[in-house]
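Colleague: Everything below, folded, please.
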Amino acid sequence: MSSMKNDSVAAGGRRPWWLGLAILIMGALWLNGARGIASTTNYVGLGPAAIVLAVGLVLVLLGFLLIVQALKGQLASSAEDEEEEASFSRPAFLMALAGVGVPLLTICWLGFPFSAMLAFTLVTHAFGSRRTMLDLGIGALIASLAWLGFSRLGISLGPFFPLLG
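Modeller: This next block holds a predicted model:
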């Protein structure tokens, strides 16, 4: 069994321990950010920092588990896996990155629902969807429901469409 592990590593498989480390650091940043959020609670008993804290803890746990798996060699890919693996697409990566960045640039003047709708559409296109109108509609529906849900909980995500006000 040990020789099989070594063979797959020698056959070109890499151990991406750095990916686990990056996720672990991201989780630590989320946890650090949660410390700066006011810990007041509303009628549901959870404060605004609860989700940020939960995401940070999950990221730290997943980063730790990825590092352990990489060091054990469980993430090393075999030659067969490398043949089946899709190649890296720079345009798709940049489109997904734009989807992450759009809300940072547009949320103040477009509002949460429209910024999230655009981000959703860019990310779906990065994953291969070419149904722009359908993606915009689904993104608008999900973002609007999220905005309404948070509004009902007493958590403000800003005005629905700031340009109208």
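
Colleague: which strands and helices sit next to the helix ranked longest in the chain?
Modeller: In the chain, assigned by DSSP state H, the helix with the most residues is helix 49-72. Judged by 3 or more Cβ pairs under 8 Å, 6 or more residues apart in numbering; DSSP states H and E, helix 49-72 is in contact with helix 17-35. Just so you know, the C-beta spots here come from the backbone N, C-alpha and C atoms, and that holds for glycine as well.

Colleague: Against which helices or strands is the helix it packs on packed?
Modeller: helix 49-72.

Colleague: Could you check how far the helix it packs on is from the centre of its chain?
Modeller: 13 Å (Cα atoms, centre = their mean, to the nearest Å).

Colleague: thought His125 was touching Met95?
Modeller: Yes: counting by Cβ atoms under 8 Å, His125 touches Met95, with 5.6 Å between them.

Colleague: show me what contacts Phe160?
Modeller: By Cβ atoms under 8 Å, 6 or more residues apart in numbering, the contact set of Phe160 is Gly111, Phe112, Pro113, Ser144, Trp147.

Colleague: before we move on, back to that, hey, what's the angle from the longest helix of the chain to helix 17-35? Just curious.
Modeller: Here the directions of helix 49-72 and helix 17-35 differ by 160 degrees (axes from the mean of the first three to the mean of the last three Cα atoms, to 10 degrees).
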